[in-house]
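K.L.:
Here is my input; please provide its structure:
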Amino acid sequence: MSPVIDRHALSAHVLVTLARAASKGRTLTVDDVSQELEVRRADVRSVISQLHAEGHVDALRLRPTLSGLALARVFAKSKVKAVRAEEPAVKQAPRAA
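P.N.:
Numbering: from 1, shown residues only. As a prediction, the model looks like this:
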């Protein structure tokens, strides 16, 4: 089965990744973030758009805002869930003979 992307966990990981880069004076691209987190670019773009709408990321500059930096600091100090989770097994009904 293919793993399912947890968007909340991915949001936390994206914020932490962008904040770490910003603290080093680096600006990342969507490709950089997707490669570092080993997720699809489309998923990263979608999460960045969501974080931008919520005011946590400046999507044009791909940098966290003040609220994004605060959240990233909290997430960096805590254990954040893995981005991928296995799909729950679907039980199949037994076949009739």
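
K.L.:
use CA for all of it now, contacts and neighbours both
P.N.:
OK.

K.L.:
any chance you could map the helices in the chain?
P.N.:
7-23, 30-37, 41-53, 66-77 (DSSP state H).

K.L.:
so which of these is the most packed in?
P.N.:
helix 7-23 (a mean of 20; mean count of other CA atoms under 10 Å).

K.L.:
can you list contacts of that helix?
P.N.:
Contact partners of helix 7-23, identified using CA atoms under 8 Å, 6 or more residues apart in numbering, comprise 27-28, 33, 37, 44, 47-48, 51, 57, 62-64, 68-69, 71-73, 75-76, 80-83.

K.L.:
Export only the CA atoms of it, formatted as PDB.
P.N.:
What follows is helix 7-23, C-alpha atoms only, in PDB (Å, rounded to 0.1, in the frame of the first residue of the first chain):
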ATOM      1  CA  ARG A   7      -0.800  17.500   5.500                       C
ATOM      2  CA  HIS A   8      -0.700  18.900   9.100                       C
ATOM      3  CA  ALA A   9       2.600  17.100   9.700                       C
ATOM      4  CA  LEU A  10       3.900  18.300   6.300                       C
ATOM      5  CA  SER A  11       3.000  21.800   7.200                       C
ATOM      6  CA  ALA A  12       5.000  21.600  10.400                       C
ATOM      7  CA  HIS A  13       8.000  20.100   8.600                       C
ATOM      8  CA  VAL A  14       7.900  22.800   5.800                       C
ATOM      9  CA  LEU A  15       7.800  25.600   8.400                       C
ATOM     10  CA  VAL A  16      10.700  24.100  10.300                       C
ATOM     11  CA  THR A  17      12.700  23.700   7.100                       C
ATOM     12  CA  LEU A  18      12.000  27.200   5.900                       C
ATOM     13  CA  ALA A  19      12.800  28.700   9.300                       C
ATOM     14  CA  ARG A  20      16.100  26.800   9.600                       C
ATOM     15  CA  ALA A  21      17.100  28.100   6.100                       C
ATOM     16  CA  ALA A  22      16.100  31.700   7.000                       C
ATOM     17  CA  SER A  23      18.200  31.500  10.200                       C
END
